[in-house]
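Trainee: coordinates only, no sequence provided:
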């Protein structure tokens, strides 16, 4: 039986880990390769490396950082941020990413998902969707949450799945950095609408918040700050999940 | 004596760099090979595979590697197939029905019957000896039955063949290069096996 995954996210800018609240106000938080190694030793199931400023500054992802992290770890790695076209996907996979997360470019041209899936297989194509709650319901945002698009995230996720995405990275912008728990209502909606695996992101706070996300239908749950700042230990998160009857890799 | 190298068939699979890193962590010297001539320099071969099966099968023919590969296997050269590279070792696949697979293992690769697809994440590899280990999978197709099966994995009440072996040819549906301590132990064993095979050939 497949285990639920606990994922650590490294938000990277210019080869360094950075961390912000609500995507902005970034501060330096260390060396990504060192952090990745430590996470592997602590039993992380997967890593995500996001070049958080790539799209907004219109530059390619930091390939060197991806290559250095990929070579240092023995768990899967998803790379994202600044992926504009099929060549960017190929470069990240060549550098050692196992999966590539596509956000803004897929909104602009959904056929990118299809082309990536046909060439590399859908299991390495991740659709990344950033969601913001608005007065008229949930809407998506692109370019590091700076550009708002009045489109229903679940409808977009369904289209992305049909176009070739093999996994959904679903981030709540409102919860990001707050430690208030994942948006379980959003996760439950996505679960009911989709067949592909869903990675919950934004709002990880306590060990219980992971178990809650899995209970709402997430296949994996991701955190940056709480792991990076040592507020939660990966082993404790997994112990809590096991206690709640959620199967995790031990 | 210099360390014999393990050749990674460069069929454009996306995980070739990670497979190389994984083998290097296990102490191997690795080289990417895309010509029949380069086979001669290798102690063992690996077919990586984050790719569509049809794509890597076509690349195998475009690079005229099919016959040399089959001859090398016949001579006893150790071969490891990973994920799509593993599926290529069977008789054919529903993912790319027109693709010519290698037929080194009996059985056919089928679409997985699961509520959630692709099958993505950590699952248990269960050998006949009752040993169970966590490994990382990312795939939508898999062989369901083969006389070459040595381990299976359960998903939504169905089992598929997650490791197969026949002679010196072995394959894994999971990614040993991304499967933590078990994956590392698996690659350690393959590298040791390649070393022994190279010694007995040169002896």
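Mentor: Received the coordinates, thanks. Bear in mind that the values here come from a model prediction, so they are computed numbers and not experimental data.
Trainee: which other helices and strands does the strand or helix carrying residue A:221 contact?
Mentor: Element membership for residue A:221 (DSSP states H and E) is strand A:220-223. Counting contacts by 3 or more C-beta pairs under 8 Å, 6 or more residues apart in numbering or on different chains; DSSP states H and E, strand A:220-223 is packed against strand A:5-13, strand A:198-201, helix A:207-215. C-beta here means a position set from N, CA and C on the backbone, and glycine is covered the same way.
Trainee: give me the angle between the helix or strand hosting residue A:190 and helix A:207-215.
Mentor: According to DSSP H and E, residue A:190 maps onto helix A:184-193. Relative orientation of helix A:184-193 versus helix A:207-215 (axes from the mean of the first three to the mean of the last three C-alpha atoms, to 10 degrees): 20 degrees.
Trainee: got the residues of chain A near chain B?
Mentor: Where chain A comes near chain B, counting by C-beta under 8 Å from any C-beta of the partner chain, the residues are A:1-5, A:40, A:45-46, A:67, A:70-71, A:74-76, A:90, A:93-96, A:98-99, A:118-124, A:166-167, A:195-197, A:219-220, A:249-250.
Trainee: just the buried ones out of those, please.
Mentor: A:2-5, A:40, A:45-46, A:67, A:70-71, A:74-76, A:90, A:93-96, A:98-99, A:119-124, A:166-167, A:196-197, A:219-220, A:249 (16 or more other C-beta atoms under 10 Å in any protein chain shown).
Trainee: those residues of chain B touching chain A, which are they?
Mentor: B:14-15, B:17-18, B:21-22, B:25, B:50-52, B:55, B:84, B:115-124, B:134, B:136, B:138-140, B:154-155, B:175, B:177-181, B:183-184.
Trainee: and the buried ones among those, selectable in ChimeraX?
Mentor: In ChimeraX syntax, the buried subset of these is picked out as below (16+ other C-beta under 10 Å):
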select /B:14,15,17,18,21,22,25,50,51,52,55,84,116,117,118,119,120,121,122,123,124,134,136,138,139,140,155,175,177,178,179,180,183,184
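Trainee: using the three-state scheme, assign residue A:69.
Mentor: helix (DSSP: H, G, I helix; E, B strand; the rest coil).
Trainee: check the closest residue in space to it that isn't next to it in sequence and give its pLDDT.
Mentor: In this structure, residue A:69 finds its nearest non-sequential neighbour in residue A:36, 4.7 Å apart by C-beta to C-beta, 6 or more residues apart in numbering or on different chains. Residue A:36 is assigned a predicted lDDT (pLDDT) of 94.
Trainee: lowest-pLDDT helix or strand in the chain?
Mentor: I'll assume chain A. Ranked by mean pLDDT, DSSP states H and E, the helix or strand of chain A with the weakest confidence is strand A:24-30, at a mean of 58.
Trainee: right idea, wrong chain: chain B
Mentor: Per mean pLDDT, DSSP H and E, bottom of the list for chain B is helix B:36-39, a mean of 87.
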